[in-house]
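Chemist: quick check, what structure comes out for this input:
(5 chains)
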Amino acid sequence: MINYFREIFSGLWSLFVGMKVTFIEAFSPKVTVHYPYETLKMCDAYRGHIELIENEEGEPNCVCCMSCVRACPSGCISLTGEKPEGGKKKVLTSYHLDFTRCSLCSACVEACNFNAIEHSKEYNLASRNKEDFHFDLLARLRERNQ
Amino acid sequence: MILTLTILLAVIIAIAWAAFNAAYLVLAERRGAGVIQRRPGPNINGPFGLLQPPLDGIKLMAKQLIIPAGADRFMYISAPVLVMCPAIMSFVALPYSDWLQAQNIDVGLLMVFAFASMGTMGTIFAGWSSHNKYSLMAAMRSVSQAVAYEIPMILTALTITLMAGTTNLNAIVAQQSENFFHWNIFPLFGETHNILMPFSFLIFFICSMAETNRAPFDLGEAEGELVAGFHIEYGSMGFGLFFMGEYANIVIGATLATIFFLGGWSCPFGLFPGVWWFLIKLYAIIFTIIWIRWTFPRTTIYGLLNLSWKILIPASLVNLLLTAGLMKVF
Amino acid sequence: MIREKLKQALEHLFPAGEAVPPAIVAEGEEPAEKTPREAVIETDYATCGYHLDIKTPPEQLIEVVSLIDQNDFFIESITGVDWIEEGEIEVVYDFSRYDFDLCRVVVRTRTDRDNAALPTITGVYAGANWHERETAEFFGINFIGHPHLVNLLLPEDSDIHPLRKDFKP
Amino acid sequence: MNQPVELQPDETFVLNVGPQHPATHGVLRVKMEMNGEYIVHAETVVGYIHRMHEKMGEVKPYPQFLMNLSRLDYLGAMGYSHCHALCVEKAAGIEVPKRAEYIRVLMVELNRVSSHLVWLGAFIMDLGGFTPLLYTFQAREHILDMMERITGARLTYCYIRFGGVSRDIDDQFIQSARDFMPYMRKELIKYHKLITGNIIFKKRMVGMGHISPEMCRKYGASSGVARGAGINFDVRRNEPYSVYPELEFEVPVYDGCDNMSRYMVRMEEIEQSLRIVEHALDQLPDGPVMPKKAPKIIKPPAGDYYQATETARGTFGVRLVSDGSQTPYRMKLRSPTYSNMHLFDEACRGLMIMDAMAMMGTLDLVIPEIDR
Amino acid sequence: MGKESIPESIVQLAIADDIIKIGRANSLWPLTFGIACCAIEMMATGGSRFDMSRFGAEVFRPSPRQADLLIIAGTVTKKMQPGIMTLYDQMPEPKWVMAMGNCAISGGPFAIKENYNIVLGADTFLPVDIFVPGCPPRPEGLLQGIIELEELVSDWKRFKDPEKAHSRQPSIRAQADKEV
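Modeler: Got it, this is the predicted structure:
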């Protein structure tokens, strides 16, 4: 019989303890980042989709060695390059990234020996077309330079 | 003629008040949850998110109405109405002040309880007619819950009628209106010196939460196991009505608790008119209910029934007997 | 040492002559005639990650597994390996113990690739049920006596065996 | 309160729970044969998110398969990569620098804490309490912030490489990890106040959902399910790997065999993980995080290799059958939840649906990890 | 497969239409339906730090009858595909579909040559309105998707470009230091 009452009262007490916890929380400061009004700064390591790195002349560092293409587990990179007449090195003519199949594993960036690609810090992509995420990175680079 | 029109107007105002409360308590709930969870809650639609309920309402009304194949059409359509209407009807009898009341009814208490128990019918209609196993199970739960909790609730209300000697809600308030210590919950100076009243309040509070299907007793719409409970097949405004009916019921429960135990519109200091005091008490109770909702996990169905049959009903019976005895002594 | 105990018990089960001396046995590399079809081999834990490698013919499988069960092993997994060049599918049973006396046991048995069938061990380990269903659907092995041998991971109506080496989608 | 009931088979109906159901944590389906609210028989249907990981293991070279392991179990991704890396390193004989191994353990344990926090929140949400979910997610954000600064992702890390890790940790990480310890301990006290002590919670936990040690053995259960049944089994202790022998921690074991034991085991595991992190930070050696000559092409000698580790969900095993080429011949992933979930069919018989859901919550399910 | 055709109402009221659109845009209730990794980010988006509820979109409804938005958060397999289609059919009009994460957009990293079980993109069998790429996308990505969807529903660009908003260090990090 005593146990019966003890259970009731200890049970009630535990409920009040729980309510006290939420009460204290209610007066703690808010933690929300109001996204469209304020944004987060991504850390250096953050892995967005890849971007080409340019050299001083504003041209891509890429020498078309294809190691990123080979390293990619999902096969989402395709690039072409050609040797200009008289030139020694290959020049990148198109660098196409199908971001919709990327797994952001960083294998391409690590495979690159020429410091030609890096992860961008874009984190809030959304669109009505999925073709928007088939990036032409060379065009993006040119756009950035203008 | 004028009297009839006045009554009609009063009834319309009561209904509008119920609908307003139901709509904005949803917002209050969402913002309140936000406060407890350290986030703002809906706040960009209008100042403080005040436009959120009308926007939700517009959306719900403009949504396609699906009546599932195999559903009992008549019952399916009538169920939300059966939940919402009795809830709104009860508002007619509720006094907010000695003058602010749609209709002063001598058996106001009985009427409110009668309408409150009608809401269960809507639930079981919804559960049965939806042609869905989840909703049927939820309806069965709701019914057993309603049956179990109506008993202690009414037994507790009986102690109040016993002390007040009337079922007129106005009279119940009037009887405790002298000052702070005449409220039924602080039984120091009232008509009776009934020290059991805090327990009665607790029982009544728990029962009203269970009656209105509020967490932690929301077995009827237990998301974890029954998906959305009895309104699983309801979309658009049918669902909206269930939602609003639930909140209207909360208001009724809180109003009754205020009237029975917290002295209604009687004010300890008399700073401002009684109706404000009433609203303060009412919303304090409602916010406590919201606070509880966002703190506890859900009970089990047998835990719920055990609580009622093994603890609350004996307790309220003893409470009633002792109250009667105390009445005799003093 | 549970390892010794189990090894002795199993060697009792298999004829003594056929157990080969302890050696690191690489699967697949060795032609079938070098490693006997039934043997209890103590392997090097540091390189392989298990202690006992038991090769058993399908007929003795249940006997072996019951013996393992009697020694309080728990079932870790069942899987198949498709040795397409030899025309055989190997089914690998992993057992381990909830104990500090470390012993990981691998039981292997082979069945013909074209007409793959093995006895079920669900009677001994109830937990083999899903593992066997999975192996059955991935490798097309018929576990004889299995209570509910339907597809586990693939759709109910699919009849492909994707982990067979000759599988083409 | 777990009374057996007399069940008449002809009065039953079949309730289909899932694949879209709030309590199934993803796309799991359970066909329940019910008598009223009591479960007569349950049949779990899995495979709704079978993503061919084992097939991909067979067709992709070793380094390219690495990223798959993070997708296997997105809550405790690091532990799975760790196991895979250990197995391949064992097979190919790659030496791992001490510091890299410490960093791995650090990350795995932090990840375990974050995984358990999600479990806790989602579990309480199954029981109908919503607020703890947001508290645990908020505490988890601290871990994710820390890990994102190093690994560059929030969930699917792809951080561990064969031979080491992709990026060294810095002082700021160490500082924030140290700061995190007292914060998390305070949070744990809060959870215990808010959840563990709660009478409603206790009523649903204590004595509910019986899973016996024998059942664990027959089904091969691990993690909290086995340890909640009084089995002292943790691969980190029983079969030490990595640098765990050098670290101090205890394996929490409760022998109640009920929901409460499993819950308490996991809650204490959070504390133990914090202890490991603290200890690993103290002992963190200097040095490189990748071996000097990290092999670009990995060709383990032909053979059969097995490695088991204790991940956030339990004993994860990788069986690697190599034929000496750049791609594995067979890659079997033994997932812990697979076995844990399997025993649900038997364990939930005779329970009411809500208790069965609570029990399912204590199994700590991540469905893609069952289906692989 | 296109959207179900809804009969045009006889009386067309432009203003009422606009109000209804705005109502719909600002109370998008998603279905509680997570498939894989992205579901955890979806939960995180509902969490305190990102707080989807500010847009009125936090009311995760477990029943498709009450939901407006189907977020496909994870890989769609051949076994799951009929289930998703059923869910979509059960949702009342108007309804929207969001493909969250690379798996839902095009199969993502699982779109290999030997693929036998993955559906290559939710848009192969559902009319997807918004694509949110990433593996998984950060919660901001999902929020951006919801903002984009609001724009699509109401034809009204409500929020300015987040790039132009002032960037700040996340409060939670600073706060974490304070709290400790």
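Chemist: quick one, strands of the chain?
Modeler: This is for chain A. With DSSP state E as the criterion, chain A has strands at A:38-40, A:50-52, A:77-82, A:91-98, A:117-119, A:134-136.
Chemist: chain B, not that one
Modeler: Read by DSSP E, chain B holds no strands at all.
Chemist: low-confidence regions, it specifically.
Modeler: For chain B, the stretches flagged by pLDDT under 70 are B:102, B:178-182, B:186-194, B:268-271, B:330.
Chemist: for it, what lies in contact range of chain E?
Modeler: B:30, B:34, B:37-45, B:49, B:51-52, B:54-59, B:62-66, B:223, B:227-228, B:231-236, B:239 (CB under 8 Å from any CB of the partner chain). Every C-beta, even on glycine, is put in place using the N, C-alpha and C of the backbone.
Chemist: separate out the buried members of the residues you listed.
Modeler: Buried residues within these, counting neighbours by 16 or more other CB atoms under 10 Å in any protein chain shown: B:30, B:34, B:37-45, B:49, B:51-52, B:54-59, B:62-63, B:66, B:223, B:227-228, B:231-236, B:239.
Chemist: can you get me a residue count around the nearest residue to residue D:320 once chain neighbours are set aside?
Modeler: What sits nearest to residue D:320 in space, not counting adjacent residues and going by CB to CB, 6 or more residues apart in numbering or on different chains, is residue D:305, at 4.5 Å. Using other CB atoms under 10 Å in any protein chain shown, residue D:305 is surrounded by 22 other residues.
Chemist: and what of the one 5 residues further on?
Modeler: Neighbourhood size, residue D:310 [other CB under 10 Å]: 27.
Chemist: ok, the one 10 residues further on next?
Modeler: The burial count assigned to residue D:320 is 25, neighbours taken as other CB under 10 Å.
Chemist: distance of residue D:52 relative to residue C:1?
Modeler: Distance of residue D:52 to residue C:1, given as CB to CB, to the nearest Å: 41 Å.
Chemist: and those two? Which one has more around it.
Modeler: Under the neighbour definition other CB under 10 Å, residue D:52 and residue C:1 were set side by side, and residue D:52 has more, 25 against 9.
Chemist: please look at the more buried one and residue E:113 and confirm they touch.
Modeler: No - in this structure, residue D:52 is not within contact of residue E:113 by CB atoms under 8 Å, at 11.3 Å.
Chemist: what's the closest of the strands of chain A to chain D?
Modeler: The minimum distance between chain D and these falls on strand A:117-119, with 7.0 Å, by CB to the nearest CB.
Chemist: can you tell me if the lengthiest helix in chain A touches chain D.
Modeler: What stands out as the longest helix in chain A, according to DSSP state H, is helix A:2-26. Yes - with CB under 8 Å from any CB as the measure, helix A:2-26 is seen reaching chain D through A:7, A:10-12, A:14-15, A:17-18, A:20-22, A:25.
Chemist: same question, stretch C:126-144
Modeler: Yes - using CB under 8 Å from any CB, stretch C:126-144 comes into contact with chain D via C:126-127, C:129-130, C:138.
Chemist: near chain A, which residues of chain D?
Modeler: Selection of chain D residues close to chain A by CB under 8 Å from any CB yields D:60, D:63-68, D:71, D:131, D:135, D:138, D:141, D:148-153, D:156, D:158, D:166-167, D:190, D:193-195, D:197-200, D:202.
Chemist: for chain E, tell me which of those residues show up nearby.
Modeler: By CB under 8 Å from any CB, the members of these lying near chain E are D:60, D:67-68, D:71, D:138, D:141, D:156.
Chemist: okay, now the unreliable bits of chain E?
Modeler: For chain E, residues meeting the criterion pLDDT under 70 lie at E:1-12, E:161-180.
Chemist: would you map the helices across it?
Modeler: Under the criterion DSSP H, chain E carries helices at the ranges E:14-25, E:37-46, E:81-90, E:102-106, E:139-154, E:171-179.
Chemist: name the helices or strands packed onto the fourth one?
Modeler: The reference is to helix E:102-106. Using 3 or more CB pairs under 8 Å, 6 or more residues apart in numbering or on different chains; DSSP states H and E, no helix or strand is in contact with helix E:102-106.
Chemist: show me how far stretch E:22-33 is from its chain's centre.
Modeler: A distance of 9 Å separates the centroid of the chain from that of stretch E:22-33, by CA atoms, centre = their mean, to the nearest Å.
Chemist: ok, residue 63 - contacts?
Modeler: If you meant another chain, say so; for now it's chain A. Residues near residue A:63 by CB atoms under 8 Å, 6 or more residues apart in numbering or on different chains: A:81, A:89-90, A:92, A:114, A:116.
Chemist: was after chain D, sorry
Modeler: Applying CB under 8 Å, 6+ apart to residue D:63 gives the contacts A:71, A:107, D:161-162, D:298.
Chemist: repeat that with 10 Å
Modeler: Applying CB atoms under 10 Å, 6 or more residues apart in numbering or on different chains to residue D:63 gives the contacts A:71, A:73, A:105, A:107, A:110-111, D:88, D:161-162, D:295-298, D:326.
Chemist: among the residues of stretch C:126-144 next to chain D, which one is most surrounded by other residues?
Modeler: Highest neighbour count within the residues of stretch C:126-144 next to chain D: residue C:127, with 27 neighbours (other CB under 10 Å).
Chemist: surely that one touches residue C:73?
Modeler: No - the pair residue C:127 and residue C:73 does not pass the contact test of CB atoms under 10 Å, sitting 11.5 Å apart.
Chemist: common neighbours of the two, please.
Modeler: Shared contacts of residue C:127 and residue C:73 (CB under 10 Å, 6+ apart): D:217, D:220.
Chemist: just to revisit the earlier point, I'd like the strands of chain A as a markdown table, with mean neighbour count, distance to residue D:29 and mean pLDDT appended.
Modeler: Formatted as a markdown table, the strands of chain A follow (neighbours: other CB atoms under 10 Å in any protein chain shown; distance: least, CB to CB, whole Å; pLDDT from 0 to 100):
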| stretch | mean neighbour count | distance to residue D:29 | mean pLDDT |
| --- | --- | --- | --- |
| strand A:38-40 | 20 | 37 | 75 |
| strand A:50-52 | 23 | 38 | 85 |
| strand A:77-82 | 16 | 38 | 84 |
| strand A:91-98 | 18 | 33 | 84 |
| strand A:117-119 | 19 | 38 | 86 |
| strand A:134-136 | 16 | 35 | 85 |
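Chemist: those strands: which one's closest to residue C:96?
Modeler: strand A:117-119 (40.8 Å; CB to CB).
Chemist: what residues of stretch B:307-322 count as buried?
Modeler: Residues B:307-308, B:311-313, B:315-316, B:319-320 are the ones in stretch B:307-322 that count as buried (16+ other CB under 10 Å).
Chemist: ok, and does that stretch reach over to chain A?
Modeler: Yes - using CB under 10 Å from any CB of the partner chain, stretch B:307-322 reaches chain A at B:307, B:310-311, B:315.
Chemist: in helices, which of the residues you listed fall?
Modeler: Short answer: the residues of stretch B:307-322 next to chain A in helices (DSSP H) are residue B:315.
Chemist: for the residues of stretch B:307-322 next to chain A, which one is nearest residue D:288?
Modeler: residue B:307 (62.4 Å).
Chemist: that closest one: what's it in contact with?
Modeler: With CB under 10 Å, 6+ apart, residue B:307 has these contacts: A:8, A:11, B:148-149, B:152, B:206, B:210, B:217, B:299, B:313, D:200, D:203.
Chemist: for chain C, what's its nearest residue on chain A.
Modeler: Nearest residue of chain A to chain C, counting by CB to the nearest CB: residue A:75, 16.1 Å away.
Chemist: the stretch 101-250 of chain D too?
Modeler: Per CB to the nearest CB, residue D:219 is where the stretch 101-250 of chain D lies closest to chain C, at 3.4 Å.
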